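Colleague: A predicted structure for the sequence below; I have some questions about it.
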Amino acid sequence: MTEIRKIAVIGSGVMGMGIAAQCANAGYKVDLLDIVPEGATDRDAVAKGAIKKALKTDPAPFMHKSRARYVTPCNLEDHLDRLADVDWIIEVIVERADIKQGLYKQLAAVARPDAIITSNTSTIPLSILTDGMDPARAKRFAITHFFNPPRYMQLLELVTTDATDADVVDELRRVCDVALGKKVIDCQDTPGFIANRLGSLLLQAASNATADHGLSIEQADALAGRHFGFPSTGIFKLMDLVGLDLGPYVSKSLYDNVNQGDLFREEYRESELLDKMIAEGYTGRKGKGGWYRINREGGGRVKEVRDLKTGEYRPVEKPEGAALAVSKKGARAVFKAGDHLADAAWCYMSKYFVYAAEHALDIAQSIFDVDEAMKTGYGLKWGPFELMDVVGAAWVAGKLAEEGRSVPPLLQQVGEGTFYKVEDGERFFMLGDGSYQAIVRPEGVLLLSDIKRRSEPVLRSSAASVWDLGDGVLCFEFTTYANSLDDSVMAILNNTIALIEKDEAWRALVIHNEGRNFSVGANLGIALFASNIAAWPQVQGGIKGGQDTFMKLRFSGFPVVSAPSGVAVGGGCEILMHSDAVQAHAETYTGLVEVGVGVLPGWGGCKEMIRRHSANKRSARGPMPALVKAFELIGTGQVAKSAMEAQRDMLIINEADSITFNKERVLYDAKQRALSMVEGYEPPEEATFRLPGATGRAAIDMALHDFHLKGMATDHDMTVGRAVGQVLTGEDTDVTEELTERDLLKLEQKYFIKMLKEPKSLARMEYMLNTNKPLRN
Amino acid sequence: MPVTDGYNAPLKDMKFVLHELWDASELSTYEGYEDASPDLINAMLDEAAKFTKNELLPLNQTGDREGCVLENGVVRTPTGFKEAYDKYCENGFTSLSTDPKYGGTGLPHTLEFMIQEMVVSTNMAFGMYPGLSHGCYNAIYLHGTEEQKDQYLPKLNSGEWSGTMCLTEPHCGTDLGLIKTKAEPKGDGSFALTGQKIFISAGEHDLTENIVHLVLAKLPDAPEGVKGISLFLVPKFLPTAENTPGQRNGVRCNAIEEKMGIHGNATCQLFFDGAIGWMVGQPNKGLAAMFTMMNAARLGVGMQGLGIGEIAFQSAFDYARNRDQGRSLGGTQSPDRAADSILVHPDVRRMLLRMKANNEGGRALAAWIALEIDKAVKHSDPQVRQDADDFVQLMTPIIKSYMTDAGSEAANLGVQTMGGHGYIQEWGMEQLIRDARIAQIYEGTNGIQALDLAGRKLGAHFGRYLRSFFHPVSAFIEANVSNPDAVEFVPDLAKTFGWLQQASGQIAQSGMKDAEEVGAASSDYLRLFALTALAYLWCEMALKAKAALAEGKGDAAFYEAKVKTARFFYKRMLPEAQAMFKMISAGKETIMALDEEAFSFAA
């Protein structure tokens, strides 16, 4: 039984480096090996260069810059012996079976017999990779297929065989799932596995239909929209994002490896335009542009797109068509719209449905795994089978039959029914024989969506719901737009706190949701409208109401654990800072961004930053270093790019808190954390502060002035910055006076309102609401 | 003799709002307005007062009786209109605020709005001829090509040519997306327009040698609805190389409407039969181009309400003080006469004071908007221009709607004050009711104005337009809570302002879920808004008047009257605001509850 403690990654290309970085993020020591460049003085230069580049890449492969030190750059000539210490070797080299097999021979000579070796191949079957391999090694060999970029893409395809040692399968699944945070999907050993197989067919069929039905790229992308559960990128924008040069390679390889008569072979087409674009460096976002580009000629910013008739760029036009006009009514309405767009949509989506239904059970263990893989691999809302349920599986089958096309057995099997069903709150998927199997979550996975299906909320309003997680733990879920916060959220949060205080059945509270954003903070639209009509008492009440609620959260008689994932900014960050503990998903992006909209943290964010940085033992002595740090974080509206940054650099997450890598495990971990705190829980003691007042402000004003001179701060940045400085230094206080948390909250209120009376702050809010971007006025 | 002949322009009040309530001297700090000193503005007002009284007022009642006549496709305006129009042009009134580059005088719009009030008071029907030319000028000025501007603007400025706005067709008024008039490209850059337009004010007349029609029409293959409308310039006579009227174009007037009022103005049906025209602005963007002149036009219509309100008030007051009937309820006032004047009666005073308070409050509001219009055009700081424009956008539907309602009410109260003499033609008062009535309807009915305010302006940019009104008023209340001079007004103002805030919040919130809620609240909301604005202005005016009295400067009687009228407004008019708030808060339910079949059971 091998426990993976040390990892080696062979090949330091974008994928290899990304995988190495994610292992380092999870706390593993990683050797990164690559070739020795010819005539190099530094024989580790390739791996070293990769690490250096990774530190500059955005989005960053590393969750914290210190994690780069976990990766040791090595080379394949001098350091093979180091592999003797390694538990898991991940091969990420060129996609050629012969070269890979050669490498495995080298590895076999040095690796421990119980070491696990896996390949990150996306196209070569396991049976070929292990061809000629010592059977003892082959039993400990598997494919772990990461998606690019490995830190951010949730999907991992795991390919093993019946011969693979059970402990290898278990350990790989544990490490990839729990430690690296991936959604691990078991795949059969077939070409392209699940995501590339179905995804390539979908993209190819969509491209073909676009050309054959005479659609523009804008029309094609709008057509592949939300009604199908696709992300906003559509088809061509997605290709630009992924990089155009990779697609043809994967497609060609898939073409070579699938059977004669496979639908993909019929669809496969080489595109002269695409080849020409790639040859000229138009490889998508990473290159000079792709299907789309931003033309900056003459200082302008014109969005352009390739005209499929001429192959040249032209300005982007607003796509129109009957199918698009009805798209809000759903997928079936699009198919039935009757124009050439509708025909194109049905043309490629029907192929995608047929292909998924034909092959699901050859390539995966279940339709559920197919859907999960497609959702996590492409950011879809529904996998193909879920989407067929949405459209109506019988309707799809009927239309196929009407067109004289063969209906795949799975679609025949489902008949008038659905691929998924819910009974007594449990969700089932259909097996090949037409029977249904319940979806069972792995140990340690707890999904709010499962709980919501099974039960009624304990409390509910239009702004939030409260769910029973079992064992006396309640879960507070925001249900507002983008999980923004307003009076109505505070009202039900207050009710929840009162309920737990009053009713002995409840012992702890977890704040969590499954939205893309944990919370974007205060509802700006409401705040802006109220400010525009000068409803100052109402605004003031909103600030005070939020402060009171968060203070109650902090000093309530039971543990509160926030469990964020995604964006948690402004008020969303202040909730974290008023919780007893934070069980964050590793991909949590939090910070106090209020200055970006011309105000300052008003729900205790300033207070908490002072408290946390003042208490930081690592910070220099005296009150000023902590205040300067807090000022820097608030004054620049900094957002952590990972939970790790929020914890280590910003102190938004406490040192004692741990981070969960797998999004689906966050709620479980949070619940356990809360339960562990119940016994003997004591609320924290209220903090007191000694702040420097005017003397400290001089230092902050000087720093601000310096920013201004360097052109880094606008006039209005100065105004807002000075207001932040007033709060952080305690306004008219001095070090002889002891201030309470409440005193600081009053200052936050005062300066928040003051900023709302600044037209330029209101202009910032309006701009943010309109464009989702900050205005630097 | 018509009682209206006693009218005199309210110069004292105009100067008060321009120079004491507001500070019109700021105008002369804007580039291009250097000459517009308070002295010049006052002198111009004095001149205009004389001109309108001497030249336009005598034609008001005769014009109404004689009306316009259509003969052989030519409209003959009432006797004297042509001569008066020529003098109007000679005096430079047609080019008062237009660009000197095209022969304009380049004076502030503020001055023009004030003069407009006098023109309307003295002869609304006449005033519409140059008024429409001005709208036409604006559209060409903002959207025309250089060539179009050079060709048409000097002619419109001099008044040699006049203009129209051709929007309405037999089957479409408010919903312009339905228009049918076609514009076929002729290949040489010009278009052939074919279709029928109705209700075209000044569409045909004998005042000018040429008429420039601005026509909304659809290009072949234009998109459906309002996104497929383009704007075209179609002259009655095609200009020659020397820019004189040449060949007669294919636009004909085949009928003029018989209408309730403004008889001196020709309201025409126009037929375009392959008429040659040129596009103004971009293809399919005609509505936007037309709307730039609609905003100015709507403010102009608001001034019509004020103009009618003023002459109605003056005439009714003149009648009341000279009409002796019965005795005062409080005991005889004029024992030497057979009866007291009816001015002693509280109810007569109530009517006259309502008129007076609305007129003076409305004039203050109009001056505020006018000054902001000039600021939005001329101020050097783009942010200031934007803020000013926000305010104009916001207040346009309010002044159009509230002031035309008030004008109509004033004309009715005027007739009421005069009893049977108001009802007969001889005294000139009933004409005002008939003339005023159209102002509530055209340029977007008052119902449409209310929808524009509650449905578009209120929520636009998350309430940014509202800020331009709410912030200064909020700051004013804050600054005056403990001002002893203001204590008789500020609590009521604050209360009303609070209702307006609440109503705004309610509409913004309910409107997001249900647009019918906005529709149900809109007219009452507009009225509540207008009453709040007037309350603010009456408080400001009362404070200025009290300050002047304290300093002992100027005409004490005038200032005392201001303070007393302010008190009347607060006690006898402002309470209506609470009713408006209650009605808004009631929501749409009772408005929407009745089924179509249940509206009437008449067999």
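Modeller: Here it is on my side, so go on.

Colleague: can you list the domains in the chain?
Modeller: I'll assume chain A. As given by automatic domain parsing, the domain ranges for chain A are A:6-187, A:195-360.

Colleague: Can you look at chain B instead?
Modeller: Split by automatic domain parsing, chain B gives B:160-288, B:453-592.

Colleague: from the chain's centre, how far out does stretch B:323-342 sit?
Modeller: Centre-to-centre, stretch B:323-342 and its host chain are 39 Å apart (C-alpha atoms, centre = their mean, to the nearest Å).

Colleague: So for residue A:161, which of the domains of chain B sits nearest?
Modeller: Taking C-beta to C-beta, domain B:453-592 is the member of the domains of chain B nearest to residue A:161, at 57.0 Å. Quick note: C-beta positions are derived from backbone N, CA and C, even for glycine.

Colleague: mind putting the domains of chain A in JSON lines, mean pLDDT, mean neighbour count and distance to residue B:313 included?
Modeller: Compiled in JSON lines, the domains of chain A are given as follows (pLDDT from 0 to 100; neighbours: other C-beta atoms under 10 Å in any protein chain shown; distance: least, C-beta to C-beta, whole Å):
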{"stretch": "domain A:6-187", "mean pLDDT": "96", "mean neighbour count": "19", "distance to residue B:313": "70"}
{"stretch": "domain A:195-360", "mean pLDDT": "92", "mean neighbour count": "18", "distance to residue B:313": "53"}
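
Colleague: Take the domains of chain B and write them to CSV, including distance to residue B:23, mean pLDDT and mean neighbour count.
Modeller: Below are those laid out as CSV (distance: least, C-beta to C-beta, whole Å; pLDDT from 0 to 100; neighbours: other C-beta atoms under 10 Å in any protein chain shown):
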stretch, distance to residue B:23, mean pLDDT, mean neighbour count
domain B:160-288, 34, 94, 19
domain B:453-592, 11, 97, 19
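
Colleague: Phi first, then psi, for the residue nearest to residue A:229 when sequence neighbours are not counted.
Modeller: Closest residue in space to residue A:229, ignoring its immediate chain neighbours: residue A:381 at 3.2 Å, by C-beta to C-beta, 6 or more residues apart in numbering or on different chains. For residue A:381, the backbone dihedrals are phi -80, psi -40 (criterion: degrees, to the nearest 10).

Colleague: from what I can see residue A:595 touches residue A:639, true?
Modeller: No. In this structure, residue A:595 is not within contact of residue A:639 by C-beta atoms under 8 Å, at 11.7 Å.

Colleague: Just after the lengthiest helix in chain A, pick out the following helix or strand.
Modeller: Counting by DSSP state H, the longest helix found in chain A is helix A:340-363. Using DSSP states H and E, the helix or strand that follows helix A:340-363 towards the C-terminus is helix A:367-378.

Colleague: Contacts for that following helix next, please.
Modeller: Under the contact criterion C-beta atoms under 8 Å, 6 or more residues apart in numbering or on different chains, helix A:367-378 has outside partners A:147, A:153-155, A:157, A:183, A:185-187, A:193-195, A:198-199, A:230-231, A:238, A:356, A:360-361, A:363-364, A:380-386, A:410, A:419, A:429-430, A:439.

Colleague: circling back: okay if I get the domains of chain B as CSV plus distance to residue A:303?
Modeller: Output for the domains of chain B, formatted as CSV (distance: least, C-beta to C-beta, whole Å):
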stretch, distance to residue A:303
domain B:160-288, 20
domain B:453-592, 24
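
Colleague: nearest to chain A, of those?
Modeller: Among these, domain B:453-592 comes nearest to chain A, with 3.5 Å by C-beta to the nearest C-beta.
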